[in-house]
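A.B. asks: Pasting the sequence and the predicted coordinates here, then a few questions.
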Amino acid sequence: MIDREAIMRKIDSLPDADLKKISKFSSSLEERPDTRKHKADALSSVIGICEGPEDLAEKHDSYAY
């Protein structure tokens, strides 16, 4: 769990130059797109479209060669 009070105490003790850096960083977090959404990669988009076990783990050599 995040200890917000400890973070705030650390921020309160920082010099102004570091506070400017934190301000820029927090702004960049607010502006960036949400990267937590799942994006399918090329491999996961083709899983299950061929014959054989779904994960191709069983007899993988026979499928590869």
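C.D. replies: Okay, I see it. Numbers count the residues shown, from 1 in each chain.
A.B. asks: any chance you could map the helices in this protein?
C.D. replies: Using DSSP state H, the helices of the chain run over residues 4-12, 16-31, 42-45, 60-64.
A.B. asks: Look up how far residue 5 lies from residue 45.
C.D. replies: Look at residue 45 and residue 5: by Cβ to Cβ, to the nearest Å, they are 44 Å apart. The way it works is simple: take the backbone N, C-alpha and C, and place the C-beta from them, glycine included.
A.B. asks: same question but for residue 25, I mixed them up
C.D. replies: From residue 25 over to residue 5 (counting by Cβ to Cβ), the distance is 20 Å.
A.B. asks: Residue 49 now?
C.D. replies: The spacing between residue 49 and residue 5, counted by Cβ to Cβ, is 52 Å.
A.B. asks: Could you export stretch 16-29 as PDB, CA atoms only?
C.D. replies: Taking only C-alpha atoms (Å, rounded to 0.1, in the frame of the first residue of the first chain), the coordinates of stretch 16-29 have been written out as PDB:
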ATOM      1  CA  ASP A  16      12.600  24.400  -4.600                       C
ATOM      2  CA  ALA A  17      14.800  23.100  -7.500                       C
ATOM      3  CA  ASP A  18      13.700  19.500  -6.800                       C
ATOM      4  CA  LEU A  19      10.100  20.600  -6.500                       C
ATOM      5  CA  LYS A  20      10.200  22.000 -10.000                       C
ATOM      6  CA  LYS A  21      11.400  18.600 -11.200                       C
ATOM      7  CA  ILE A  22       8.600  16.900  -9.400                       C
ATOM      8  CA  SER A  23       6.100  19.400 -10.900                       C
ATOM      9  CA  LYS A  24       7.300  18.700 -14.400                       C
ATOM     10  CA  PHE A  25       7.200  14.900 -13.800                       C
ATOM     11  CA  SER A  26       3.700  15.000 -12.400                       C
ATOM     12  CA  SER A  27       2.500  17.000 -15.400                       C
ATOM     13  CA  SER A  28       4.000  14.500 -17.700                       C
ATOM     14  CA  LEU A  29       2.100  11.700 -15.900                       C
END
